[in-house]
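Undergrad: What follows is a predicted protein model with its sequence.
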Amino acid sequence: MNKLIYGFIEENKLDILNEWIETTKDNADDRVLRVVSDQVFTSTSREFVDLIISNIKGTKEDYTSRLTDFAEKVVRLGWPLTFVTKGLHTFGEIVFEKMEKSELVTKDNQMEVIREFGAWMTPMNNEIVSVYSTTWEKTVSLQKIALQELSAPLIPVFEKITVMPLVGTIDTERAKQIMENLLKGVVKHRSEVVLIDITGVPVVDTMVAHHIIQAADAVRLIGAKCIICGIRPEIAQTIVSLGIDLNQLTTQNSLQKGIETALELTDRKIIVMEGAK
Amino acid sequence: MSIQSCVTIINEWDIVAARQLGRNVAKELGFGIVDQARITTAISELARNIFLYAGKGQICIDKLNEGGKVGLAINATDNGPGISDIRQVMEDGFSTSGGLGAGLPGVKRLMDQFDIESSPGDGTKIKATKWLR
């Protein structure tokens, strides 16, 4: 039975390919067509059909590696998964219709052919979906690691003074890290003053404020002082509107002022050297 | 006349998506930096409430144009447990989650109009509007 389908596809390869390209192109949304040129579309489509055919004749290992290669390529091209799975489905439909027309499928063997089709298509479908999701999972986990790396660094700038610049959104996970890094770092660097710079934090809502207040409290408990700097004018206004009480904290509008305050607190200051031009 | 776009809130990152949507719409309508910050902060509060208390819900941003008055409305809807005493949650400092309790009263102060509809078991519906001056 498999030979019947395979033989038919092999024989009418070009015909099927052309019809498939036409149909999928009609069905493809702009998103697909915008990202790839006609040529790439056609050549990739050909590769796709070749791949489908090689599933029948090639060895299992050969096929799996080619499928992985193909799926990775399609992911790189930015083809949506639904487009590819739909394409696979369309391919099956075209082949089946054509076989029906040339009367290779009869009432007697109809069920058998359909079952055969399913057995041939389903693993391919599964494989493509799994390659896609693996690629995505990999990307997501890599990005998560990348995010964690730039999450909450602590930088000692002077003796007894450390800075933690925060950039980007603060969620619960990050807030936890900020707290941990802050306390660990204060002890490790023997800091007396810690500056938390929130210039790069886009939104300060009650949760972010709450975490900052808690972090500052914790820092005070281990004997250091915390200064929040980089509060932009619009953030200051929203904090006031929200009614968040930051009176317990020392705040400054810029990191520069924060460092000056920190130096003052540790009985030092920056002076201009005499004789300097 | 209003044009709507929505974000479904299921996890913490959806809060960021809702905020981003709100900021873009606010920018488009011509709100200044301070109002943009107010609107995004209000969205952040409402979206976080959905995430914390209801688990799932929706934030929709409407562009309003009523008789030449241009504005932006945030619609936060969920089918969560609802609020039994609305007056209580609108008081500063009330929180059931150990937070600051400034969220809802804060949103009211950040925006121009604020409507809340909620009853236990029926979920919560909040509409907060900011007009462009």
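TA: Right, received. Where do you want to start?
Undergrad: how many neighbours does residue A:25 have?
TA: 14 (other C-beta atoms under 10 Å in any protein chain shown). Yep, even glycine has a C-beta here, placed from its N, CA and C like the rest.
Undergrad: same question for the one helix or strand it maps to, mean pLDDT?
TA: Element membership for residue A:25, per DSSP states H and E: helix A:13-27. Mean pLDDT, helix A:13-27: 77.
Undergrad: Does that helix pack against any helices or strands, and if so which?
TA: In terms of contacts (3 or more C-beta pairs under 8 Å, 6 or more residues apart in numbering or on different chains; DSSP states H and E), helix A:13-27 is packed against helix A:38-57, helix A:81-101.
Undergrad: Please compute how far it lies from its chain's middle.
TA: 33 Å (C-alpha atoms, centre = their mean, to the nearest Å).
Undergrad: could I have that helix exported to CSV, CA atoms only?
TA: Taking Å, rounded to 0.1, in the frame of the first residue of the first chain, the C-alpha atoms of helix A:13-27 are listed here in CSV:
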residue,chain,number,x,y,z
LYS,A,13,6.0,15.1,-8.0
LEU,A,14,6.2,18.3,-10.1
ASP,A,15,2.5,18.5,-10.5
ILE,A,16,1.8,18.1,-6.8
LEU,A,17,4.6,20.6,-6.0
ASN,A,18,3.1,23.3,-8.2
GLU,A,19,-0.4,22.9,-7.0
TRP,A,20,0.9,22.8,-3.4
ILE,A,21,2.8,26.0,-3.8
GLU,A,22,-0.2,27.7,-5.4
THR,A,23,-2.6,26.6,-2.6
THR,A,24,-0.3,27.4,0.3
LYS,A,25,0.6,30.8,-1.2
ASP,A,26,-3.1,31.6,-1.4
ASN,A,27,-3.6,30.6,2.2
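Undergrad: residues of it that come out buried?
TA: Residues of helix A:13-27 classed as buried by neighbour count (16 or more other C-beta atoms under 10 Å in any protein chain shown): A:16-17, A:19-21, A:23-24.
Undergrad: could you give me the average pLDDT of the lengthiest helix in chain A?
TA: Criterion DSSP state H: the longest helix present in chain A is helix A:110-149. On average, the pLDDT along helix A:110-149 is 81.
Undergrad: Contacts for the helix or strand just after that helix next, please.
TA: Downstream of helix A:110-149, the first helix or strand assigned by DSSP H and E is strand A:155-158. With contact meaning C-beta atoms under 8 Å, 6 or more residues apart in numbering or on different chains, strand A:155-158 is reached by A:162-165, A:189, A:191, A:259, A:262-263, A:266, A:268.
Undergrad: okay, among these, which ones form the most distant pair?
TA: Using C-beta to C-beta, these span at most 21.5 Å, a distance reached by A:165 and A:268.
Undergrad: Looking only at neighbour counts, state which of these two leads.
TA: Neighbours were counted for residue A:165 and for residue A:268 using other C-beta under 10 Å; residue A:165 has more, 19 against 13.
Undergrad: Render the CA-only coordinates of the helix or strand hosting that one in CSV, please.
TA: Residue A:165 is part of strand A:161-167 when elements are defined by DSSP H and E. What follows is strand A:161-167, C-alpha atoms only, in CSV (Å, rounded to 0.1, in the frame of the first residue of the first chain):
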residue,chain,number,x,y,z
ILE,A,161,30.1,52.6,48.9
THR,A,162,28.4,50.2,46.5
VAL,A,163,25.9,50.8,43.7
MET,A,164,23.2,48.6,42.4
PRO,A,165,21.9,49.9,39.0
LEU,A,166,18.5,48.5,38.1
VAL,A,167,17.4,48.3,34.5
